[in-house]
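*Asks:* what shape does this take:
(one chain, ligands or ions: 3)
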Amino acid sequence: MSRVLVLNAGSATLKFGLYEAADCRLRGEVERIGDAPALRLVSGDLDTDGFAPADSGHAGVAEALLDWLGSDLDLEGLAGVGHRVVHGGTRLAEPVRLDADRLAYLESLEPLAPLHQPQSLAIIRDLMARHPSLPQVACFDTAFHRTQPRVRQLFALPRHLADEGVLRYGFHGLSYAHVTRQLPAVVGEAAARGRVVVAHLGQGCSLCALENGRSVATSMGFTALDGMMMGSRCGRLDPGVVLYLQQQRGMSVAEVERLLYRESGLLGVSGISADMRDLLASPSPHAEEAVALFVDRLLEEIGASVALLGGLDALVFTGGIGEHAAEIRARTLNALGWLGIHLDAPANARHALRIDGKKGPAVAVVPTDEEGEMARGTLACLDTR
Ligand SMILES: Nc1ncnc2c1ncn2[C@@H]1O[C@H](COP(=O)(O)OP(=O)(O)O)[C@@H](O)[C@H]1O
Ligand SMILES: CC(=O)OP(=O)(O)O
Ligand SMILES: [Mg+2]
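*Replies:* Ligands and ions are numbered 1, 2, ... in the order given. The predicted model follows:
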């Protein structure tokens, strides 16, 4: 039976899963990378004691995770390893087996995803060096959005920039692909084929407008910095602010990158934390202001998606905040009565699969599973290579 390992390197987490065909045998994550990395098993049975990173950074954590997995599992016996690579650029979309050429292309995209691309490529290089004959497969966050009409991919910039690939790519595609697969069972066949908005709200946040199960618009852009406000990223921003920071404040490119990716969003506005749990529990007015802005921006992004779809049949929440923060869902949904949405408050409080009051558009909470989607893509890629 084909066994694959999948690795999902995020900005502060490294999630992993071991699959035998479609069955998940082991799943877990290392949280708080860069601070105090801790390994947590979500399912499966393996002693976590042997996990001992030499340092708290991404490289140390990845090495320790591979050592820990390798001490119990025969990594050489795997059919392959699947990796979440957030940016596939113009050349790569479907899951592909990596070689030196493709790896070099993906490296050229590192500046477009500084919180994700360098981390996942470093793990891939490490695994290629350790196990040269073990297939490494990349599964792209951008792939799901390639169905978008060209006009939705364009920025209002001179044409030659679009010709060289400065386009809206969109991200969180593995999450949207998983949610889309669940839609018929969750909201019914008719709504699943209709106009659906999915809000993926995690550390990174984005929205996707679906028509007949295909992405027709998304809030993230050329990079995972655009659109919705996030944990530590600003989301949509007047580009004049970037000019101001460089011209008036004399900030370097690296300083601006740091500010926009790591010091903004919930963290920047609250001055307290990038973690929604901390802000919801905080009595600070700055925490409340950050939460209020988050809800406002979410309403704007939902409104934009619904306008492009010409209506709404279902709204889905996913990602850490989308799945677990009942207060954020309630504050958002209570402001969406104009869409005919009715909230079932007790169902929302217990994070039920359906939280609408059986009138108007369906509203659902669907746990995401990027790892399951990657296992599927990796197995399909290895079967047809
Ligand atoms: N119970 C909760 N209440 C509010 N927010 C939560 C809760 N659990 C998780 N979160 C939020 O989810 C975020 C992480 O989302 P997740 O999708 O796991 O992140 P990642 O993008 O790293 O995969 C955390 O930053 C936190 O703000
Ligand atoms: C693309 C992106 O923002 O991913 P994450 O939510 O994992 O940070
Ligand atoms: Mg995520």
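
*Asks:* can you list the domains in the chain?
*Replies:* 3-140, 173-365 (automatic domain parsing).

*Asks:* least reliable of those going by mean pLDDT?
*Replies:* For those, the weakest mean pLDDT is recorded on domain 3-140, namely a mean of 93.

*Asks:* tell me how far the residue nearest to Ala143 when sequence neighbours are not counted lies from Arg146.
*Replies:* Spatially, and ignoring its direct neighbours in sequence, Ala143 is nearest to Ala93 (4.2 Å; Cβ to Cβ, 6 or more residues apart in numbering). The C-beta positions use only the backbone N, C-alpha and C, and glycine is treated the same way. Distance, Ala93 to Arg146, using Cβ to Cβ, to the nearest Å: 5 Å.

*Asks:* and if you look at Glu371?
*Replies:* 22 Å.

*Asks:* which residues touch the closest residue to ligand 2 within the stretch 101-250 of the chain?
*Replies:* Using Cβ to the nearest ligand atom, the closest approach of the stretch 101-250 of the chain to ligand 2 is made by Gly204 at 2.1 Å. By Cβ atoms under 8 Å, 6 or more residues apart in numbering, the contact set of Gly204 is 10-11, 171-172, 220, 224, 230-231, 233.

*Asks:* quick revisit: could the domains of the chain go into JSON lines alongside distance to ligand 1?
*Replies:* Compiled in JSON lines, the domains of the chain are given as follows (distance: least, Cβ to the nearest ligand atom, whole Å):
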{"stretch": "domain 3-140", "distance to ligand 1": "4"}
{"stretch": "domain 173-365", "distance to ligand 1": "2"}
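
*Asks:* in the stretch 151-300 of the chain, which spans are helices?
*Replies:* 159-163, 173-187, 189-192, 239-247, 253-262, 265-270, 276-281, 285-309 (DSSP state H, counting those that start in this stretch).

*Asks:* in three-state terms, label the residue nearest to Ala143 for me.
*Replies:* Put simply, Ala93 is coil when judged by DSSP: H, G, I helix; E, B strand; the rest coil.

*Asks:* isn't it up against Ala138?
*Replies:* No. When contacts are counted by Cβ atoms under 8 Å, Ala93 is not listed as touching Ala138 (10.3 Å).

*Asks:* now stretch 11-28, how far from the chain's geometric center?
*Replies:* On the basis of Cα atoms, centre = their mean, to the nearest Å, stretch 11-28 sits 16 Å off its chain's mean C-alpha point.

*Asks:* tell me which parts of the chain are close to ligand 2?
*Replies:* Residues of the chain lying near ligand 2 by Cβ under 6 Å from any ligand atom: 10-11, 86, 116, 141, 171-172, 202-204, 224.
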